[in-house]
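**Student:** the following block contains a protein sequence and its predicted model.
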Amino acid sequence: MTDPTLPTGPATPSTAQPANSRATASRDVVPRHIAEFGADQPQHTLAPVGMAALLGVLGVVYGDIGTSPLYAFRSTVEIISGHHAAEPWEIMGVASLIFWTLILVVTLKYVMLIMRADHNGEGGILAIMSLAQRVSTQARTRTILALVGIVGACLFFGDGIITPAISVLSAIEGVEVSVPAARELVIPLAIIVIISLFSVQWIGTGRVGSIFGPIMLLWFGTIGALGLVQILHHPHILLALSPTYAMEFVFYHGRLSFLALGAVVLCVTGAEALYADMGHFGRAPIRYAWLFFVLPMLVLNYFGQAALVIADPQSLANPFFLMCPHWMRGLMVLLSTLATVIASQAGISGGFSLCRQLIQLGYMPRLRITHTNAEEEGQIYLPDFNRFLATGSVLLVLAFRSSDALASAYGIAVTGTFICTSILAVAVFRQHFHWPAWRVGLVFGSFLLLDGIFFLANALKIPDGGWVPVLLGCALTLMMTTWKKGRGLLISRQRQDSLPMGSFIARLPQSRTIRVPGMAVFMTSTPDFVPPCLLHNLRHNKILHDHVLFVTVQNLDQPEADRGHRVTVEELAPDIYRVILRYGFMEMPNIPRALEELKTNGVDFDALQASYFTSRELITRSSVPRMSRWRMSIFMFMVRNSTSSMEFFRIPPDRVVELGVKVAI
C-alpha cells in the first residue's frame, strides 16, 4: 500500500470517457500547442516587445550571465600567467574565445535553437525532458531520457548553490582594489550578504525583484560604457572579433588552451536561465534583450578588460574594477554587489520552481511550499530548500575563500547541464521537428562536441573543487531515483493488497454497512482500487458516509493541464463518485478549491461538511525485499522528512482523518 495523497508520477488523460462520466475544468487553462513549436509562423520573427517586459527579462533572466565579467576573463588569463607572462596576442586570443563562446553557446544554441523547443510554452531542463519522453516510442529510451533530465536538474541545483557564493565573493573582492587593508573583511561581508539574501526569500520573488530590472539596466549600461572607453583607447582589440585569434590560441598552446577553456566557459554561466525562464516572458523579450543589449554590453566589457590588460599587465590583478576611475570604484563595488545579489536571486527562484516540478513529477518527496503571491501561482517559497541552498553557499565561501578558487567548482555544473540539454534536444529535434538525421547529427553533434570539450576541460579541475558539484549531483540523483523506485514499489504493493473498486461497489448493496450523514473524501493514488483508508474505516467504525468521493491526483508530463481535462467525475453508485484531478508539473494542487467546482457537475460538495481520509504507512522490509538495505534507509529518511499531505494539498488540517497502515516492501 502507499500514501494515496502522494503524486503517482506522469499520467496522460484518456480521451475515452465512460458513458456515465462527466468532465469539467476546475481552472481554465488555455492550451498552448506543443506539437507545432510555432510551425505556422517563422521562428525567427520577433514580435513587438514592451519596455516592461524587457526590464523584467534583464532583472530575472540575465543576472547570472551578466555578472560573469567579474571573474571569467581574469580567471582565464591567470591560467596563462601561471605559466608565463601573457603576451598581447594571447590576451586577444582569450577575448576571441570568449566572444565566440557567447555566439555559439548562447546565441546559436540557446537563443536560436533550444528556445524553439517549448513544452506548452514552458522551457527548462524538465520541460525538454518531458517533451523528449513524449515523442519517444520505446520505454527504455524514455527511461534514459528521464535519467538525463534528472542529472541535469541535479547539476542545476549545484549551480544554484555555487552562484551566490562566487558572485557575491567576486563583487566584494573589489573592495581590495581601493582598500587593500580590507582583505580580511571580504569573507565576513560575503557571508553577511549571502545570509541576508536567503533570509528575505520568504517575502516573495515579486517583492524582492520589483527593482531588479532598472538595476540591471544600469549595470549593463555601466559595464558596456567602461569597456567602450578602454576600446577607444586601444581600438586594435577589435581585431579579436575574428575567430582566427581564437584558433591561433588553441593551436599554439595545445594543453594550456584546453585548461583555459575550462575558465572561458564561465562567461556563459546562466545561459540555461534563458531557456528555463521562457515560460515567464516568452521568446521575443529574451531574444530582443540578448541580441540588441546584453550581448553587445558583455562584448564591450570583455574586450575593454582585454585592452586594459594589454596596455597595463599589472591590471590583471582585477581588470574589471581597475577599468573604473578611482572615484567610481566604491560605487562600482556597491553596484556589482547588487547585481550579484540579483544573479543569485534568479538561481534561487529557479531552484524553487525546479524543486516543485520534481515533486510533481514524483522524483522528490513533498516539501512545505508557501505561496507568496495570491495571484501568481509561480511565486513560491520552500523554506527547507532555501535553508539547504543557504547552508551550501556559506560553506563554499568558508571552504574556498576566493572567487578564483570557486571558479574550479563552477564549470562542472554549468557544462554538465549543457550536455544534458543537448542530448535531450537531439530527441526533440529528430522526433518532434522531424529534422533529418544528418542535420541533427551535424548541428547538435557539433554542440555536443563543444559541450564535451568544455566539460572535460573542467573535469581536470575536479581535485581543485570540481568535486563539489559532481558529489552533489551524484547524491541528489541517487536520492531522486531511490524515491521514484520506492514510490513505485509502494504503489505496486497497494495494487496487490487492495480490493478492486468494481467488486466493492457490487457488494455494497448487500452489505450491512451503516450509512451516516456527511461527506467523506477518500484520497487514493489508484482509482481502480478501494483505498486502504476506506477499508480500515469500515473495519473499525463499521460506517460509510451518505456522500463519498474517491479522489485521485494525477500529475501530467506537461506544464499545465489542458482546459476541459482538469477534472473527470464518474458516478459509481448513488452518491458515490470517482474524481480524478489532473495537474501539470508547473502547477500546485489545491484539493478543496478543485472539489468546489464539482457543483457545476451536479455533485453537492460542501467544503464545511467534508471529511478527508488519508493513509499513513509504517514501511517495513518484506521477507523478499526488492530494494537494498542502504537504499531502503535513504527512502525511509525521505519519507520521514516529507511534508504531510494535508499541507501539500492545502487541505484544512481540522478536516483530515489519518489511518495507519503497515506496508512491507
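**Tutor:** Ah, there it is.
**Student:** shaky segments in the stretch 51-200 of the chain?
**Tutor:** Residues of the stretch 51-200 of the chain that meet the criterion pLDDT under 70 lie in 177-179.
**Student:** remind me, longest strand of the protein?
**Tutor:** Criterion DSSP state E: the longest strand present in the chain is strand 543-555.
**Student:** for the next helix-or-strand element following that strand, output the C-alpha coordinates as PDB.
**Tutor:** Counting by DSSP states H and E, the next helix or strand C-terminal to strand 543-555 is strand 567-573. Extracted in PDB, the C-alpha atoms of strand 567-573 (Å, rounded to 0.1, in the frame of the first residue of the first chain):
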ATOM      1  CA  VAL A 567     -11.400  17.100 -13.600                       C
ATOM      2  CA  THR A 568     -13.200  13.900 -14.500                       C
ATOM      3  CA  VAL A 569     -16.200  12.800 -12.500                       C
ATOM      4  CA  GLU A 570     -17.700   9.400 -12.700                       C
ATOM      5  CA  GLU A 571     -20.700   8.300 -10.600                       C
ATOM      6  CA  LEU A 572     -20.000   4.700  -9.500                       C
ATOM      7  CA  ALA A 573     -23.200   4.300  -7.400                       C
END
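**Student:** pull out the buried positions in strand 567-573.
**Tutor:** 567, 568, 569, 570, 571, 572 (16 or more other C-beta atoms under 10 Å). (Glycine included, C-beta is placed from N, CA and C.)
**Student:** which elements pack onto it?
**Tutor:** Judged by 3 or more C-beta pairs under 8 Å, 6 or more residues apart in numbering; DSSP states H and E, strand 567-573 is in contact with strand 21-24, helix 501-507, strand 576-583.
**Student:** give the buried residues for the helix or strand where residue 408 lies.
**Tutor:** Taking DSSP H and E as the definition, residue 408 sits inside helix 403-431. Buried residues in helix 403-431, defined by neighbour count with 16+ other C-beta under 10 Å: 403-404, 406-431.
**Student:** again, but for stretch 168-183
**Tutor:** Neighbour counts over stretch 168-183 (16+ other C-beta under 10 Å) mark 168, 169, 170, 171, 172, 173, 174, 175, 176, 177 as buried.
**Student:** what about it, distance to the chain center?
**Tutor:** Put simply, stretch 168-183 sits 32 Å off its chain's centre (C-alpha atoms, centre = their mean, to the nearest Å).
**Student:** and the end-to-end length of that stretch?
**Tutor:** Stretch 168-183 has an end-to-end distance of 14 Å (criterion: C-alpha to C-alpha, to the nearest Å).
**Student:** okay, the residue nearest in space to the middle of the chain and residue 116: tell me how far apart.
**Tutor:** Taking C-alpha atoms, centre = their mean as the criterion, residue 354 is the residue nearest the geometric centre of the chain, at 3.2 Å. Distance, residue 354 to residue 116, using C-beta to C-beta, to the nearest Å: 21 Å.
**Student:** for residue 439, same thing?
**Tutor:** Distance, residue 439 to residue 116, using C-beta to C-beta: 14 Å.
**Student:** comparing these two, which residue is more hemmed in?
**Tutor:** More crowded of residue 439 and residue 116, by other C-beta atoms under 10 Å: residue 116, with 19 against 13.
**Student:** what angle do the helix ranked longest in the chain and helix 403-431 make?
**Tutor:** Taking DSSP state H as the criterion, the chain has its longest helix at helix 139-172. For helix 139-172 against helix 403-431, the angle by axes from the mean of the first three to the mean of the last three C-alpha atoms, to 10 degrees is 150 degrees.
**Student:** now do the buried residues in helix 139-172.
**Tutor:** 142, 144-146, 148-172.
**Student:** identify the residues contacting the nearest residue to residue 548 once chain neighbours are set aside.
**Tutor:** Using C-beta to C-beta, 6 or more residues apart in numbering and skipping the chain neighbours, the partner closest in space to residue 548 is residue 576 (4.6 Å). Residues in contact with residue 576 (C-beta atoms under 8 Å, 6 or more residues apart in numbering) are 505, 508, 547, 548, 550.
**Student:** wait, residue 410 touches residue 268, no?
**Tutor:** No - using C-beta atoms under 8 Å, residue 410 is not in contact with residue 268; the gap is 11.2 Å.
**Student:** if I look at residue 90, how far off is residue 77?
**Tutor:** Note on residue 90: its distance to residue 77, by C-beta to C-beta, is 8 Å.
**Student:** could you pull out the strands for the protein?
**Tutor:** 21-24, 370-371, 380-381, 514-523, 543-555, 567-573, 576-583, 610-620, 656-664.
**Student:** and these as a markdown table, adding distance to residue 130?
**Tutor:** Listed next are these as a markdown table, based on distance: least, C-beta to C-beta, whole Å:
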| stretch | distance to residue 130 |
| --- | --- |
| strand 21-24 | 23 |
| strand 370-371 | 23 |
| strand 380-381 | 20 |
| strand 514-523 | 25 |
| strand 543-555 | 11 |
| strand 567-573 | 21 |
| strand 576-583 | 14 |
| strand 610-620 | 28 |
| strand 656-664 | 29 |
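**Student:** tell me the pLDDT of residue 25.
**Tutor:** Note on residue 25: pLDDT of 36.
**Student:** over to residue 456?
**Tutor:** What the model reports for residue 456 is a pLDDT of 91.
**Student:** which one is it nearest to, not counting chain neighbours?
**Tutor:** Nearest to residue 456 is residue 258, by C-beta to C-beta, 6+ apart, at 7.8 Å.
**Student:** number of nearby residues for residue 496?
**Tutor:** 9.
**Student:** gap between it and residue 622?
**Tutor:** From residue 496 to residue 622 the distance is 11 Å (C-beta to C-beta).
**Student:** residue 426 now?
**Tutor:** 40 Å.
**Student:** ditto for residue 423
**Tutor:** Counting by C-beta to C-beta, the gap from residue 423 to residue 622 is 37 Å.
**Student:** pLDDT below threshold where in the chain?
**Tutor:** Applying pLDDT under 70 to the chain flags residues 1-50, 177-179, 203-211, 279-280, 371-379.
**Student:** I am finished for the moment; much appreciated.
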